[in-house]
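J.: model the following, please.
(2 chains)
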Amino acid sequence: MMLSDTIAAISTAVGEGGIAVIRVSGPEAISEAAKLLRSKVKLTEADTHTVHYGFIMDPQTQEKVEEVLVTVMRAPRSFTMEDVVEISTHGGVISVKRVMDLLLQQPAIRLAEPGEFTKRAFLNGRIDLSQAEAVIDLIRSKSDRAFSVALKQVEGHLSREINDMRYTLVETLAHIEVNIDYPEHDVESMTSEFIKERCSKVISQIERLLKTANEGKILREGITTAIVGRPNVGKSSLMNALTRENKAIVTDIPGTTRDVIEEFVTINNIPLKLLDTAGIRETLDVVERIGVERSKAAVEEADLILLVLNGAEPLHEDELALIEGIRRRQVLVLINKTDLPQELNREVLRQYFEEGQIVELSVKTRDGLERLEDAISRLFFGGKLESGDLTYVSNVRHIALLKKAKQSLIEAYEASDSGIPIDIMQIDVRLAWEQLGEVIGDSAPDALLDQIFSQFCLGK
Amino acid sequence: MGYTAGSYDVIVVGAGHAGVEAALAAARMGCSTLMVTINLDMIAFMPCNPSIGGPAKGHVVREIDALGGEMGRNIDKTFIQMRMLNTGKGPAVHALRAQADKFLYQHTMKETMEKEPNLTMRQGMVEKLIVENGECVGVITKTGAEYRAKSVVLTTGTYLRGKIIMGELMYESGPNNQQPSVGLALHLKELGFDLVRFKTGTPPRVHKDTIDFSQTEIQPGDEKPKFFSYETKGSDNEQLPCWLTYTSIETHEIINGNLHRAPMFSGVIEGTGPRYCPSIEDKIVRFSDKPKHQIFLEPEGKNTSEYYVQGLSTSMPEDVQLRILRSIPGLQNVEMMRTGYAIEYDAMVPTQLWPSLETKRLPGLFTAGQLNGTSGYEEAAGQGIMAGINAARKVQGKDPVILNRSEGYIGVLIDDLVTKGTNEPYRLLTSRAEYRLLLRHDNADLRLTPIGYEIGLIKEDRYLNFLDKKAKVEAEIERLRAAKVKPSEVNPLLESIESAPIQDGSNLLTILRRPEVTYEMIHTLSPSEVELDEEMREQVEIQVKYAGYIEKQLVHVERLQKMEKKKIPDTIAYEDIQGLAIEARQKLSKIRPISIGQASRISGVTPADISILLVYMEHFNRVTASREG
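T.: This is a model prediction of the structure:
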C-alpha cells in the first residue's frame, strides 16, 4: 500500500447503456492518461476543469480502442484533492474494461483498493470530520468482501497455475540468492542463460493464461446470482425462461441438475451471471452430492440469491433451514407455480422477508417474470447490490497484474542479452514473483528465505 | 555490602563486538562512558570463526565505518587475508571478507579503547539494574559496586544463562568456557522482559602442524587488497591462505552411526538453532543425498598454530568429533586442540525494543547484539553503534537516530528485529534488503557519512574529504553528460571491443552505459581535467551504468518515505479504534510502531487496517487541532 501513488477504478455502476466513468487519481494521473489519449489538446497542458474529446489508443498497436470524453481536475480542486482524470466511455462492460486494462498496464497506475478514493478525500481534508466513521466502515466492509472473493479464487484453477509459475520463479530466485550470499559455497552458478530459460517458460505460461482470460473462459463478469431451492421447484425452468435458451436439462425427476450451470444475461441493462444449482437437500448419491457441494459454494459466492419455492406445496423443513441460512443475504423469494392450487403459507415467509422481496410467478405461464425483473432492478439501482461486481474488479486486477508480471520478465530477459549481471536481473524476476503473488493475495516475503534454506545446504 | 562506585552518562555492559562499538560511540560523542565486562582479556573476542565480512555482513562493516565506528579500521589493521567476493556479479553485491588475526584484533581494539579519553573500563559482572521511577539509572555488580548513569546499554551476547553442550556433557558456561551470567538473566525476567532460548555452535580447532595441506586446495587472498575503512589507504600486512577440503563417505558414516549421541537429535538441546548455520550432523541428516560438504581450514592468527575448521560446527561428543576430523582428507593425523560445542543462551524478544534499541518497558535501558537474538559479529557491531549513539543522544536530550531500510543494512536489520521479531538467531542476508542496489559496498559513505558527521562521530577532515569526493564524482558525471561525441570519435573504440558502432552523435554518458564499455576506456578517449582517484572512478562508473535501475528503486523509496514520515503518536489507543481487525489490534498494541511505514510491515496487519489507522489518526489530529484552535 502506498499513500500517494496513482490509482484507478471504475466509479460508476457496471451496466449497459448510458456512460461509464473511470476515475484516475494521484500525481501521475494526468501524465499517464495523456500517454493513452489522442486528443486536440495535450492532457498535460490542459487547464483544470476542462473536458476533452478524443480516443484512447493502445500504445502498442496504435489502434483506436475507445471514443471518450476526458475531464481534467488538477489538485487540490478535485474529489481527492489530488490530480484527477475522469474518463467517460460508452457504458458497455466491454468498452470500460478495455480502457481500464490499458490504464492498469501503465507501471505507475494500480487498481484502487476498496474505498480508497473516499479515504484519500478524507485524509486530504476534503470530507467532513463527521464522516470518519463511515469511511472506516466502508473500508472494512469492502475489503472483507474483497478478501472473501480473493480467498475463493485461491482455491481455484487460477491459483494452481499461478502457484506453479511462482514456484519456478522462487526456485530460480533462491538459486540466485545463494550464489550471492554464499559465493564460496559449492552450488553451481546460476547463469543468465538459465534465468532466461526460466523467464521465457513463465512468460509463455502467463500468455496462455491471458489468452484464456480474453476468451472469457475463466474470467467473466456480472452480478453473480444463484438460483436455489429444493429439487423440482422449477429452478432450471426459471433459468431457461431468463436466458430464453434451453441449456439446462429440465425433467420431472428430482436431482437431474447435477452441476452448477452458468449463464450470462442482462436484465434491464444489468449484467447477471446466473448460477443454477442442484437442489439443496441431503443426498446419498455420490454424483449428486458433488453437485450439492458445488451448489453450496455457489450460494456462498453469490451477490444475489433467488430462492425458488413451490407455491403448490406447503413449506418443507429443508426450505426452512435454507431460509435460515440465507436470510441475511440479498435474497428474492420466488413463489413459483401460481398456476396451480396454492398450498404455501405466505405468513411464515413474511416473518423472514420484506414484502418487496417476495415475488409470485409462474415460470410455466410466464406470468410474473416481469415483476421479478423489476425487483432485481430495484435492488440494483437502490444500491443494495454491489455495483461493480468484485469478481469483475478483481479480474481486471488479475489481468493487469499478469501483464505487469509478464513485462517484468521480459525486462529481465532483455537485460540478460545486454550483459547485465544476475543480481540486477534478479530485481525484475523478483518483481514478477511478487506481482504474481498479488494475484492470489500471497505476499509473504519470507517464502524466499524459506526456499533458500530448504533448497540448499548452507552453513559454516 | 553495596557501595557507590561512580556516576557516568552512559554505561555499557559487555565488551564484545556490540559493546565496543556502543562504548566508543557514546564516549566519542562526548558522554562520560563506563564499560563493564566479565573479563577484560575478552574485549572484541571472536569465539567462532576468525573472519569478518562477506555479503551483507561486510556491507554492515562499511556502514559502521561510514558512521564513524571502529570495526572497519580495526580489521584493516589486523587482517591476515582480504578477499573481495562476488566480483563476477554486479556492484551491489561485491562484498569484502577478511580473515582476522583474532588475537591481534582483540589487543588492537583494547588498545584503542584504553586510549579513548571519555571511556572508563572495568572488569566486573553486572547482576542487577538500578531502577528508579520506572527508569533504568544504573547497574550493580557482583562485588557490590553501584554505578549510576543516564542510560545503560546491555550487550551481553550469549552469556545469559549460557550452557555448553558436547554430546552427553552439558555445563553452565559462557562462550569459550567463560563465566556465564546467570543473575542478570533472572533479574531481566523479574523486571518482566520476555526471554527466548536460542542455540548456536562452533567447530573444533586443530593444530596446523598436523594438517597435510597437500591434500587440500589453496585459497589465497587478493593480490591487491581493498579495505573496509574509507580511512585506510594501504597496508603491508602479510597475507596467509585458507585451505579447502571436503567431508568423505566415512565422515557421513561416522555421523550417521552416532546420531543417538547427538544432542541435536536426542532432544537435549531445547534452544532454536539457526537454519543458515546448521551443525554438520544437521546438514548430513537434512541433505542426505549430498555426497560431500566443503570444509575450509582457516588460520586463527599469525602467531598461533590453531586452525578453525569451517563447515564442521558440531555438538557431537568429543571422541566422535576426533573421529569425524580424522575422516577428512588432509586431517587423517590431525590433533584437535579445542572441541566444538553447541551453546544455549537466553535472548531478548526483540519486539520489546523501539527502533532506537531502547526497551519499551524500561526507559533508559538499551540492548544490542546477540542478546537481541542475532548472530554474527557484524550484526552485533551494527546494533552496538546504533545503541551507543542513541544512548548518548538520550543523555543529550536529542531525538534518536533511526536508519531506514533504504539507508543501510543496519536499518534493515534493526527494523526486522523490532518489527517482526525472530524465531531463530537472525543473520543478515542481502536478500533481506528490498533495495540491494541502493545499499552497496561502495556507497556506504554517501549513504551514512553525513549522518556520522552530524552526530559528531565523523571528524571534520574526513568529512571534507568526503565532500570533495562527492563533488568530484558529480562533476565528472555532468561532464560525461555534456560531452557530445561524433560517430567518428567513438566508433574506433567501440569496434575494437566488438560493441555496435553509433550512427548519430551521442554523449559519453550514453556510451558508458553499455555493459562492455568501462570508465577507463572513456577516460582514455577523453580524460577528465580533474584528477580522480580509484574510488571516485568506480563511483562514476557504477552510478552511470546502473542509473536506470537505481532510479527505479529511488522512486519506490521516495513513496515509502511518506509512510515512514507519518508518525504514530505514542499515546494512541488501538483498542479504541473501531474497525481494526482483532489480529491487527493485538499486533499493533504489542509492537507500538512509531510510523505508518513500520506498522505496514507488521505481519497480520493488512492494507485495510492501515487505511483505517490513517483515517483514525487524521480524525484524531483534526479533533485535537480544533480543540487547541
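J.: can you tell me which strand in chain A is longest?
T.: For chain A, the strand that runs over the most residues, judged by DSSP state E, is strand A:64-73.
J.: quick check, B:P225 in contact with B:S235.
T.: Yes. With contacts counted by CB atoms under 8 Å, B:P225 reaches B:S235, the gap being 6.7 Å. Just so you know, the C-beta spots here come from the backbone N, C-alpha and C atoms, and that holds for glycine as well.
J.: which neighbours do the two share?
T.: Taking CB atoms under 8 Å, 6 or more residues apart in numbering or on different chains as the contact rule, B:P225 and B:S235 both touch B:F79.
J.: skipping adjacent residues, who's closest to B:K590 in space?
T.: Excluding the flanking residues, the one nearest B:K590 by CB to CB, 6 or more residues apart in numbering or on different chains is B:T351, at 6.6 Å.
J.: and the one you found, how far from B:T422?
T.: Shown here: B:T351 relative to B:T422, a distance of 9 Å by CB to CB, to the nearest Å.
J.: could you point out which element follows the longest helix anywhere in chain A?
T.: Longest helix in chain A by number of residues, with DSSP state H as the criterion: helix A:390-417. Scanning forward in sequence from helix A:390-417 by DSSP states H and E, the next helix or strand is helix A:422-439.
J.: for the helix or strand following that next one, which outside residues touch it?
T.: Note on helix A:422-439: by DSSP H and E, the next helix or strand toward the C-terminus is helix A:446-455. Residues outside helix A:446-455 that contact it (CB under 8 Å, 6+ apart): A:170-171, A:173-175, A:177-178, A:181, A:430, A:433, A:458, B:275-276, B:429, B:431-432.
J.: break chain A down into its domains, please.
T.: In terms of domains, chain A is parsed into A:6-128, A:131-212+A:393-441, A:220-381 (source: automatic domain parsing).
J.: between those, which one is closest to chain B.
T.: domain A:131-212+A:393-441 (3.7 Å; CB to the nearest CB).
J.: check what pLDDT the residue in the stretch 201-350 of chain B that chain A sits nearest to gets.
T.: In the stretch 201-350 of chain B, the residue that lies nearest chain A is B:F287 (3.9 Å; CB to the nearest CB). pLDDT, B:F287: 88.
J.: wait, it touches A:C457, no?
T.: Yes. Using CB under 8 Å, B:F287 makes contact with A:C457 at a distance of 3.9 Å.
J.: these two: which has the busier surroundings?
T.: More neighbours surround A:C457 than the other of B:F287 and A:C457, with 20 against 16 (other CB atoms under 10 Å in any protein chain shown).
J.: got the phi and psi for that one?
T.: phi -90, psi 110 (degrees, to the nearest 10).
J.: what sits against it?
T.: By CB under 8 Å, 6+ apart, the contact set of A:C457 is B:P278, B:K283, B:R286, B:F287, B:K290, B:H293.
J.: what about residue 319, how many residues close to it?
T.: I went with chain A, as the question did not name one. Number of residues near A:E319 (other CB under 10 Å) recorded here: 24.
J.: the chain in question should be chain B.
T.: 12.
J.: B:G6 now?
T.: Using other CB under 10 Å: B:G6 sits among 15 other residues.
J.: assumed it was part of a strand.
T.: Yes. Assignment of B:G6 by DSSP: H, G, I helix; E, B strand; the rest coil places it within a strand.
J.: now it, which residues is it bridged with?
T.: Beta-bridge partners of B:G6, counted by DSSP bridges, are B:Y147.
J.: I'd say it and B:R148 touch.
T.: Yes. Contact status for B:G6 versus B:R148: in contact at 7.5 Å, counting by CB under 8 Å.
J.: nearest residue to residue 37 other than its sequence neighbours?
T.: Since you didn't name a chain, this refers to chain A. Closest to A:L37 by CB to CB, 6+ apart is A:G54, at 5.1 Å.
J.: nope, chain B
T.: Closest residue to B:T37 apart from its sequence neighbours, by CB to CB, 6+ apart: B:A15 at 3.7 Å.
J.: phi, psi of the one you found?
T.: Dihedral angles (degrees, to the nearest 10) for B:A15: phi -130, psi 30.
J.: also the one 3 residues further on?
T.: With angles defined as degrees, to the nearest 10, B:A18 sits at phi -70, psi -50.
J.: for it, give me its contacts.
T.: By CB under 8 Å, 6+ apart, the neighbours of B:A18 are B:T155, B:G157, B:A368, B:G369, B:Q370, B:L371, B:A380, B:A381, B:Q383, B:G384, B:A387.
J.: what separation do you get for it and B:L353?
T.: 13 Å.
J.: B:E618 is in contact with A:A132, isn't it?
T.: Yes. If you go by CB under 8 Å, B:E618 and A:A132 touch, sitting 7.4 Å apart.
J.: need the residues touching each of the two.
T.: Joint contacts of B:E618 and A:A132 (CB under 8 Å, 6+ apart) are A:F122.
J.: and the helices in chain A?
T.: So, for chain A - with DSSP H - the helices run A:29-36, A:93-105, A:116-123, A:132-155, A:157-181, A:192-215, A:235-243, A:286-301, A:317-326, A:346-352, A:369-381, A:390-417, A:422-439, A:446-455.
J.: got the ones you listed as a markdown table, with mean pLDDT columns?
T.: A markdown table is the format used below for the helices of chain A (pLDDT from 0 to 100):
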| stretch | mean pLDDT |
| --- | --- |
| helix A:29-36 | 94 |
| helix A:93-105 | 81 |
| helix A:116-123 | 85 |
| helix A:132-155 | 63 |
| helix A:157-181 | 88 |
| helix A:192-215 | 84 |
| helix A:235-243 | 81 |
| helix A:286-301 | 61 |
| helix A:317-326 | 84 |
| helix A:346-352 | 86 |
| helix A:369-381 | 78 |
| helix A:390-417 | 78 |
| helix A:422-439 | 90 |
| helix A:446-455 | 78 |
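J.: could I get these as JSON lines with distance to A:A226?
T.: Formatted as JSON lines, these follow (distance: least, CB to CB, whole Å):
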{"stretch": "helix A:29-36", "distance to A:A226": "37"}
{"stretch": "helix A:93-105", "distance to A:A226": "20"}
{"stretch": "helix A:116-123", "distance to A:A226": "29"}
{"stretch": "helix A:132-155", "distance to A:A226": "13"}
{"stretch": "helix A:157-181", "distance to A:A226": "20"}
{"stretch": "helix A:192-215", "distance to A:A226": "23"}
{"stretch": "helix A:235-243", "distance to A:A226": "10"}
{"stretch": "helix A:286-301", "distance to A:A226": "5"}
{"stretch": "helix A:317-326", "distance to A:A226": "9"}
{"stretch": "helix A:346-352", "distance to A:A226": "18"}
{"stretch": "helix A:369-381", "distance to A:A226": "13"}
{"stretch": "helix A:390-417", "distance to A:A226": "13"}
{"stretch": "helix A:422-439", "distance to A:A226": "25"}
{"stretch": "helix A:446-455", "distance to A:A226": "35"}
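J.: next structured bit after the helix or strand of chain B with the lowest mean pLDDT?
T.: Lowest by mean pLDDT, DSSP states H and E among the helices and strands of chain B is helix B:263-266, with a mean of 81. Note on helix B:263-266: by DSSP H and E, the next helix or strand toward the C-terminus is helix B:280-286.
J.: what's the next secondary structure element after that next one?
T.: Criterion used, DSSP H and E; the element after helix B:280-286 is strand B:294-299.
J.: so what angle separates the directions of the helix or strand just after that next one and strand B:294-299?
T.: For strand B:294-299, the succeeding helix or strand toward the C-terminus, using DSSP H and E, is strand B:306-310. Here strand B:306-310 runs at 160 degrees with respect to strand B:294-299, directions being taken by axes from the mean of the first three to the mean of the last three CA atoms, to 10 degrees.
J.: okay, the very next helix or strand once past strand B:306-310 in CSV with CA atoms only?
T.: Moving toward the C-terminus from strand B:306-310, the next helix or strand (DSSP H and E) is helix B:318-326. C-alpha atoms of helix B:318-326 as CSV (Å, rounded to 0.1, in the frame of the first residue of the first chain):
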residue,chain,number,x,y,z
GLU,B,318,34.5,-35.2,21.9
ASP,B,319,35.5,-38.7,20.8
VAL,B,320,33.2,-38.6,17.8
GLN,B,321,34.5,-35.2,16.9
LEU,B,322,38.0,-36.5,16.7
ARG,B,323,36.9,-39.4,14.5
ILE,B,324,35.0,-37.1,12.2
LEU,B,325,38.0,-34.8,11.8
ARG,B,326,40.3,-37.7,11.0
